Structures are given as structure tokens and as C-alpha cells.
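> I would like the atomic coordinates for the input below:
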Amino acid sequence: MRILYVCADPQVTPHGVDGEAAHVRAVTGALTARGHAVTLACRRTDGPNPLARGVAMQVMPEGWQEQSRWLADQMRRLGIDAVVERMSLRSGPVVEATQRWPIPLLLHVTAPLVEEAARQDALDDVDDWRRWEARLLSAADHVVAVSEIVAWHVLGCGVPRDRVSVVPNGVDPMRFAGIQGHSVRLEYDLRRSFVVGWRGEIDGRHGLDEVVEALDMLPRSVRLLVVGDGPALYSVRAWARSLGVADRVAFAGSVLEAEVPAFLAACDAAVAPCSAADRLYRSPLELLEYCAAGLPVVATGQEDLGLLGGAALLVPEGDATALAEAISRLAGDRRLRERMARAARTHASSRTWERAGALIEEQVAAVLAHWRGQRTPA
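Reported below is the predicted structural model:
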């Protein structure tokens, strides 16, 4: 199939280092690996991470009408069979484009975007935005959600159950196979430490403050390796200084996607705390990377963690003492870490991007067959 994957969010560059960018690269790469001709339409091209081999890229113009006309022209010119859009608050022109050049449209939904933005006070009229979201979701031929909770949100917006499917995010375990973290341990002077890893965007929502607080309750041999960047970095650094643990926190900053396996290989365990709101719908890429790297995980009770079995120790949200106790338990029990590492790798092997790509392909093919059937004269 010839698929146009649309990412209209001007804040997301597919070459970037954040989770949104990684998601775009992974999905388009998975579909391309299955033999489809994938063109990625996006707003930005800056960033250090390459797309998967075979994924073509086109830059969208600014402006609603301009985008609608441009998208319709690309569909016609490239002979596109179906469009998949990663839904954002800038979605919409693609609906008009598929009316100009009629082909099926699938929306790929990663979060209840309006509710998320409303919690951050980023919207002026939330009710108007909710009506817009419901109209957009209902206009799609099919909606692919990354979790059951996101799917329930879509259903609550009025989309019929037979037009919603769930395809959780994935990981590529082969990226992490046989990778060593010795060079990272040397670079950050972690050689004799029990290293706890945290990866993600430092934005105040993912519990890094409580991880630093837990570190203050643990022996000095326990160190924290933070892989990521974000607007809350300076406040986290200040918090570490105020607790007297700044010398035990290594901030690596954002790293290239190809370097992530080595940074995780430098860790003995990983932490995945998050807020109550986030844990309701996320299918976190970082958690899957921890599992692919064979890291035992200490985390708050997120949706995905219920499927991890023996790979995670769960602690209450916001309880730094419980977090410290769980990390201490891991640090003192090698056999427990080894059992959890095996469980983590098993979980990662069941959640590959290859499998996710096959499931998305299945939905696109089914929608396309149904759509063509409706338009074939009897």
C-alpha cells in the first residue's frame, strides 16, 4: 500500500529526541519494513535522528487551507491509498483533503489531547475544543488508539466501537541485544555504583523530583543517571542540590536514539514514576526500552505495568520512601534483579514495533477494503 503518514504538529520534528518524534519514526519505520511505500508529511525537519530507511519525507506548508490543498495534491500525485494522521491539536486539514481527494483516513491517537491541554491551562474554551475533537474523531474512517484508556476516551467522543482499535506502542529488542554500558559508566564515573536510570522529558510530570528525594534516603553507592532534557531540568538540579545529592545525580541530557541502548546498559535498574493523570492513558516508550534492555523497573501503577508480571516492583504514587525501599531491595538482591530482567525481556519480545506495524497494517488494509467495496458499483 501507498500510505501518507501525517504529523501536523509544529512542535514535533520527526528527527527530534523526544518521545513524540521517536513514535513517528517507529510507526513509519514499522510500516515501511512491512513493504509499504510510506511518505511522512510533517511541519519540521530539524533534529539529529534519521528516519528509517525507505521513509520519504515532505514538508507541509503553513495555514489550514494551504495544508488541505497541499495534502490533497500529494495524495493525487503519489497515488496514496490511505492516510494515517498522528492526531494533534493542529489536525483537521487532512479531513478536508480526503474530501477533496477521497481516500480512507485513519487517526492515530496517543492521548486525550484536549483533556491533557486543559489540565495544563493551554486552551481558552475547553468546551469548543471538546466539540472539535469529537467532530474530528467522528470524521475518520477508523481510529487507532495506543491504549485501552485512550480507546475509551475515543468512544466517549461518539465514535462507534467497530471503528476503534487498540495498538499499543512497541520497541525493537534487537537494538539492545549485546550492548555494553562500560563507556557510559566511565564517562560519568559510575563504575562502583548501583546505577538507577531514568529516561524521558524533564517536564515535571514524570516523577523525577520524587526519585531525587528517594536517592537522599539511599546509601551513597546508589547513583541516578538521568537521560533527557526539558523545561524542569533546572528545578530538578536545584532540588538535588538542596537535598545534598547533586554529586550523585548524573545528567546526561538528550542523547541520540542510537546511543540510548548504551546508556540503559550502564544501569542496574530503572525507575518509571508518573502522575495519576499520565498513567491513565500512556503507552510509554521509555518503559518498553527499559524492558528491552533487561532492566528491573520500579514504578507507580501505570496501565502498562499491569502486564509486566515479574518485571516491575510497584509503589504508590508520590511515595518517595516506598520508592527508596524498592530500589534498596533491588540493590541488595542480585537474584531478584536477574529474575526481573528475564521477565522484562520477555515482555519486550511480545511488544515489538514489528508486531505493532502488522496490527496497524491490518487496520489500514481492512478500512481500505471496506472503503473500496462501498464505492464499487454492484
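
> how near is Ser91 to Ala214?
39 Å (C-beta to C-beta, to the nearest Å). The way it works is simple: take the backbone N, C-alpha and C, and place the C-beta from them, glycine included.

> Show me which of these two is the more surrounded one.
Ala214 (28 against 23; other C-beta atoms under 10 Å).

> Now do the phi/psi pair for the more buried one.
phi -60, psi -40 (degrees, to the nearest 10).

> Report the residue spans of the stretch 251-378 of the chain with pLDDT below the cut-off.
Scanning the stretch 251-378 of the chain for pLDDT under 70 picks out 275-283, 301-309, 375-378.

> what about the helices in it?
Assigned by DSSP state H, counting those that start in this stretch, the stretch 251-378 of the chain shows helices spanning 260-265, 276-279, 285-292, 320-331, 334-349, 353-375.

> Only the buried residues of stretch 139-155, if you could.
For stretch 139-155, the neighbour count (16 or more other C-beta atoms under 10 Å) marks 139-147, 149-155 as buried.

> Looking at these, which is nearest Glu317?
Ile149 (16.1 Å; C-beta to C-beta).

> From Leu288, how far out is the closest one?
17 Å.

> which one of the helices of the stretch 251-378 of the chain is the most hemmed in?
helix 285-292 (a mean of 26; mean count of other C-beta atoms under 10 Å).

> and that helix, what other elements does it pack with?
Applying 3 or more C-beta pairs under 8 Å, 6 or more residues apart in numbering; DSSP states H and E, one finds that helix 285-292 makes contact with helix 19-33, strand 194-199, helix 260-265, strand 269-272, strand 297-300, helix 334-349.

> between that helix and helix 19-33, how big is the angle?
60 degrees (axes from the mean of the first three to the mean of the last three C-alpha atoms, to 10 degrees).

> Give me the three-state assignment for the residue nearest to Cys157 when sequence neighbours are not counted.
Nearest non-adjacent residue to Cys157, counting by C-beta to C-beta, 6 or more residues apart in numbering: Ala134, 4.3 Å away. Following DSSP: H, G, I helix; E, B strand; the rest coil, Ala134 is assigned to helix.

> One more: Arg130?
helix.

> so how many other residues sit close to it?
By the criterion of other C-beta under 10 Å, Arg130 has 16 neighbours.

> With Val6 instead?
28.

> from memory it sits against Leu71, does it?
Yes: using C-beta atoms under 8 Å, Val6 is in contact with Leu71, at 7.0 Å.

> which residues are in contact with both of these two?
The contact sets of Val6 and Leu71 overlap at 41, 60, 83, 94 (C-beta atoms under 8 Å, 6 or more residues apart in numbering).

> Farthest pair within those?
Taking C-beta to C-beta, no two of these sit farther apart than Met60 and Val83, at 12.7 Å.

> Name the residue in those two with the higher neighbour count.
Val83 (27 against 21).

> how many degrees apart are the strand or helix carrying the more buried one and helix 19-33 in direction?
Using DSSP states H and E, Val83 sits within strand 82-86. Orientation note: strand 82-86 sits at an angle of 160 degrees relative to helix 19-33 (the same axes, to 10 degrees).

> And strand 82-86, how far out from the chain middle?
The chain centre lies 17 Å from the centre of strand 82-86; the measure is C-alpha atoms, centre = their mean, to the nearest Å.

> What pairs with that strand, parallel or antiparallel?
Note on strand 82-86: by DSSP bridges, its sheet partners are strand 2-7 (parallel), strand 105-109 (parallel).

> quick one: which of those is nearest Ala250?
With distances scored as C-beta to C-beta, the stretch of the strands paired with strand 82-86 nearest to Ala250 is strand 2-7 (32.4 Å).

> Please identify the buried residues of the closest one?
So, applying 16+ other C-beta under 10 Å, buried residues of strand 2-7: 3-7.
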